[in-house]
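*Asks:* Here you go, sequence then predicted model.
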Amino acid sequence: MSMPEQKTADETRLRKLRGTVPVNAVLHVWMKAIHPHAPAEIQLSLNGSLFGNIFAQNAEEYEFRMFFVPHGGELECSYDPETTTISVAYWFTDAKVLEEGITVLRTHAANAPAPAPGSYHFRPPFGWMNDPNGFGRFNGSAHLFYQHYSHGLTWNTMHWGHAISEDYLHWRHLPIFLFPSEDLTHRPDKRGGAFSGSAIPMENSAGIRVFFTEHVIERAPEREIQMVATSQSLIFAGAAKPLIDERPELEGLTLDFRDPYVFRGPDGYWKMLLGSRQGEEGVVLLYQTADLTAAGGWEFVEILHREGRFNTQVVECPCLLPLDGPAGDPQTHWALVCGLMHSHHEETGRKNLTMATVGHFDGKHFTPEFEQELDFATDNYAFQAFLDQGRPVGIGWLANWADAAPEIDFPTAMTLPRNLVYDAADNTLLTPPIEGVEVLRDELIDDTALAAGEPVMLEKGQAEIVIELDRNDGPFEIDLYHNNIEITVKIDAEGMRLLYMDDSKTPTPDYFAPGANPSHLRLFLDIGSVEVFADNGRWAGTKRIAGFDPIHSLRIREGAIKSAKVWSLAL
């Protein structure tokens, strides 16, 4: 009688990742050696037969490895946790990844996705995320790239993550699109990376050209330079090369030189905006090229815009686009949106403001007509917009560096996508949520109790509230009940406020829109956020909610209400 085969201690210790893969699957894995003198190793088996090994030597940072799986079947990735750790593993096929996305096999406890079931805001499948990049519609679909670090929930060496959508609401995660230099990825020391930028379609091709800032903190004399790369597949960026490797010769210009936003100007030439600082002012630099492909020939034109208020340290993520007519029409209004890094509004305590200036642009000069804050609650940062079939649409990072501390529970997300609309009657800029967001409405929870001043319970925390106010009858207040934080939206003779009180000892900013007197409110609640749109986005307030507890109920405390409805939301 034969005895059952005994597993060795090494075999018992092995950990295994398993998944069913099709023919021609591509495996992406990030692995790290536990000890500097013992290499990390992954053994790959398909349908029970060993067919490959992957090795990595680095014990400081995870190393990227790619492997092609020759046949379909049951894939198994085995590794010894005493020598090897894996941060991320996913597979996809080149032929179907744009339609189906990636399939994640593994994330680590340190980079796991947010515990936010049912959340309808865009979130990465793993790791840290900040600024949106390269936002645009290419080859028929909307593409969102973003600042990304795969191996933790804190900011580090920047890559570009990537997702694709048909409606800006339902996203498919794609492979990491853009990698920084190998030297920067060798150690997790925050020395730099592939920073923010933009993308444009390539002439006579389904591909795109991407522009980004390469940041290397110890590089001299230029810490930040502009890079360019192309992608024919829309899946990976090709090798990047320097595009603008030195700042313009302007007295007092700091080393800040970042966030290229490329767009077609009213004169038909490609333009580029870059954020910087000169002396005591944040500035927007304008470049242009006569190269029809935008691949080279960039020359500095002038300082397009200055911002000397709020102790602004540098302008970030500038974008400029037409609002109400063709780019070449001198009567067309343009919106210039800028993030004011380290700005501080002394009266309210708010930091890192985002300003939207509306005016006219002739290709070389921008003439302002009026300005307003893009978001009075300031958690719509690094906003990037583009023209989608003639209509401006944009998205922002749903956070603010004022309180985006590197915490393990940071619920990183993007805002709801928004349109930018010039209101000629009132000479204002509206930023309502995109048309079509109503598809998120799952069930009408209430259309009577809230208006009557009664509490309304939310089962999951994802909800939309639409309120028609009678503004001839005094102040209004709605309380949003949360386990740990007091959240209230209040309107009185001074204007509109979003009150946010947590348990921290840090003074809470006064999220205030002075003079706001709306008759229509639309609130979107999700795990980790509340977004307020008043009078079709004439005033917008976006606030990140710390932690992952949902808002569980709401009640109107005072105010004359014409109607109020509450929907549960679901993707």
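*Replies:* Good, I have the coordinates.

*Asks:* in the stretch 451-571 of the chain, which spans are helices?
*Replies:* Listed in chain order, the stretch 451-571 of the chain contains no helices at all (DSSP state H, counting those that start in this stretch).

*Asks:* pLDDT weak spots in it?
*Replies:* 473 (pLDDT under 70).

*Asks:* and what of the chain?
*Replies:* 1-12, 405-409, 411, 473.

*Asks:* Quickly list the domain ranges of it.
*Replies:* Domain assignment for the chain by automatic domain parsing gives 12-92, 195-424, 437-569.

*Asks:* Dump those to JSON lines, plus mean neighbour count.
*Replies:* Yep, even glycine has a C-beta here, placed from its N, CA and C like the rest. Below are the domains of the chain laid out as JSON lines (neighbours: other Cβ atoms under 10 Å):
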{"stretch": "domain 12-92", "mean neighbour count": "17"}
{"stretch": "domain 195-424", "mean neighbour count": "19"}
{"stretch": "domain 437-569", "mean neighbour count": "18"}
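
*Asks:* Strands of the stretch 351-500 of the chain, residue ranges please.
*Replies:* Applying DSSP state E, counting those that start in this stretch to the stretch 351-500 of the chain gives strands spanning 354-361, 366-373, 381-388, 391-397, 418-419, 421-423, 428-430, 441-446, 456-457, 463-469, 476-482, 486-491, 495-501.

*Asks:* now the stretch 51-200 of the chain
*Replies:* So, for the stretch 51-200 of the chain - with DSSP E, counting those that start in this stretch - the strands run 63-69, 73-79, 84-92, 103-107, 128-138, 141-149, 159-165, 171-173, 192-201.

*Asks:* Of all those, which one is nearest residue 422?
*Replies:* With Cβ to Cβ, the closest approach to residue 422 among the strands of the stretch 51-200 of the chain belongs to strand 128-138: 19.9 Å.

*Asks:* Show me the strands paired with the closest one, marking each as parallel or antiparallel.
*Replies:* The pairing partners recorded for strand 128-138 under DSSP bridges are strand 141-149 (antiparallel).

*Asks:* What residues does the closest residue to residue 486 other than its chain neighbours make contact with?
*Replies:* Excluding the flanking residues, the one nearest residue 486 by Cβ to Cβ, 6 or more residues apart in numbering is residue 501, at 4.1 Å. Listed by Cβ atoms under 8 Å, 6 or more residues apart in numbering, the contact set of residue 501 reads 485-487, 508.

*Asks:* quick one, phi psi at the nearest residue in space to residue 300 that is not next to it in sequence?
*Replies:* Leaving aside its sequence neighbours, residue 300 sits nearest to residue 248 (Cβ to Cβ, 6+ apart; 4.1 Å). Dihedral angles of residue 248 (phi, psi; degrees, to the nearest 10) stand at phi -70, psi 150.

*Asks:* Surely residue 248 is in contact with residue 285?
*Replies:* Yes - assessed by Cβ atoms under 8 Å, residue 248 is found in contact with residue 285 at 6.6 Å.

*Asks:* hey, what's in contact with both of these two?
*Replies:* Contacts common to residue 248 and residue 285, judged by Cβ under 8 Å, 6+ apart, are residue 300.

*Asks:* The domains of the chain: which one's closest to residue 186?
*Replies:* Going by Cβ to Cβ, the one of the domains of the chain nearest residue 186 is domain 12-92, 6.2 Å.

*Asks:* circling back: nearest to residue 307, out of the strands of the stretch 351-500 of the chain?
*Replies:* strand 354-361 (7.0 Å).

*Asks:* residues in contact with residue 162?
*Replies:* So residue 162 contacts 143-146, 173-177 (Cβ under 8 Å, 6+ apart).

*Asks:* and residue 69, what are its bridge partners?
*Replies:* residue 25.

*Asks:* which one of the strands of the stretch 51-200 of the chain lies closest to residue 404?
*Replies:* strand 128-138 (7.8 Å).

*Asks:* okay, the angle between that closest one and strand 192-201?
*Replies:* Strand 128-138 and strand 192-201 are oriented at 20 degrees to each other (axes from the mean of the first three to the mean of the last three Cα atoms, to 10 degrees).

*Asks:* The residue nearest to the spatial centre of the chain: what's it in contact with?
*Replies:* With distances taken as Cα atoms, centre = their mean, the residue of the chain nearest its centroid is residue 132 (3.7 Å). Each residue near residue 132 by Cβ under 8 Å, 6+ apart is listed here: 144-146, 382-384, 395-397, 414.

*Asks:* just residue 322 next, same as before
*Replies:* So residue 322 contacts 266, 332-334, 361, 387, 392 (Cβ under 8 Å, 6+ apart).

*Asks:* swap in residue 129?
*Replies:* 123, 146-148, 161, 397, 412-414.

*Asks:* just curious, which of those residues is nearest to residue 252?
*Replies:* Closest to residue 252, out of all of the contacts of residue 129 and judged by Cβ to Cβ, is residue 147, at 28.0 Å.

*Asks:* just checking, the closest one touches residue 160?
*Replies:* Yes - Residue 147 lies in contact with residue 160 (Cβ under 8 Å); the separation is 7.2 Å.
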